[in-house]
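Q: Can you look at this prediction? I've put the sequence above it.
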Amino acid sequence: MLHFKCSLDFIGDRVAARCMATTKAGEACPVAPVTGKTLCASHDPETRAIAQKKGGEATFRKARYLSDVEARTKINLRDRKDVPATIEAIARSVATGSLETRVGNALVIACNVTVSAIDSIEKAVRGRLGAMTDEELRAALEQEFAEWQARAATK
């Protein structure tokens, strides 16, 4: 005949088994044992190893970033009018799971900062040069933007 040693608690008219291990404080573990065992999931080495492995698998995900090629095709911040399409591409990538949400958030912030920078550059050029044709303004903005990028790269 097979006998199991276990600790029992009486809860009302029911009997509840308790883990046979003791805590670090030397008291009886109050947790119920794993079905068919005398120890709880924390004290049974086999059950604990399985739980830790599953927990690690659940929390570990390979971060999804854009490749260099994807970044060059999806991210276009040279002109203010390209930013909405860039944000749309980022949102689509996040929605389909091909891009981490936190990476998408960072890219959208970069889009917003770029729009602010473009606005500032445009305002400065218009104030400095006065009335210009659209072509002259575009050329001046291109030059100013390139200089701004060069300054930002050295910081």
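A: Received it, and whenever you're ready, just let me know what you need.

Q: could you say which helix or strand contains the residue positioned nearest the centre of the chain?
A: What sits nearest the mean C-alpha location of the chain, by C-alpha atoms, centre = their mean, is Arg102, with 4.1 Å. Using DSSP states H and E, Arg102 sits in helix 101-129.

Q: counting contacts, what elements does that helix pack onto?
A: The helices and strands touching helix 101-129, judged by 3 or more C-beta pairs under 8 Å, 6 or more residues apart in numbering; DSSP states H and E, are helix 83-95, helix 134-154. (Each C-beta comes from the backbone N, C-alpha and C, glycine too.)

Q: any idea how far the closest residue to Tyr65 other than its chain neighbours is from Ile75?
A: Nearest residue to Tyr65, sequence neighbours excluded (C-beta to C-beta, 6 or more residues apart in numbering): Val103, at 5.6 Å. Distance, Val103 to Ile75, by C-beta to C-beta, to the nearest Å: 11 Å.

Q: what residues are shared contacts of these two?
A: Leu66 (C-beta atoms under 8 Å, 6 or more residues apart in numbering).

Q: Which residue ranges make up the domains of the protein?
A: 7-59, 68-154 (automatic domain parsing).

Q: possible to save these as a markdown table with mean pLDDT?
A: Formatted as a markdown table, the domains of the chain follow (pLDDT from 0 to 100):
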| stretch | mean pLDDT |
| --- | --- |
| domain 7-59 | 75 |
| domain 68-154 | 83 |
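
Q: So Ala41 sits against Ala32, correct?
A: No - with contact defined as C-beta atoms under 8 Å, Ala41 does not count as touching Ala32 (9.4 Å).

Q: and these two? which has more neighbours close in?
A: Between Ala41 and Ala32, counting by other C-beta atoms under 10 Å, Ala41 is the more crowded of the two (16 against 13).

Q: can you confirm the more buried one is in a helix?
A: No - under DSSP: H, G, I helix; E, B strand; the rest coil, Ala41 falls outside any helix and is assigned coil.

Q: what's near enough to touch the nearest residue to it once chain neighbours are set aside?
A: Excluding its sequence neighbours, the residue lying closest to Ala41 (C-beta to C-beta, 6+ apart) is Thr47, at 4.7 Å. Contact partners of Thr47, counting by C-beta under 8 Å, 6+ apart, are Val34, Lys37, Leu39, Ala41.

Q: Please give the element, helix or strand, for Thr47.
A: helix 45-59.

Q: and the next element down the chain from that helix?
A: helix 68-74.
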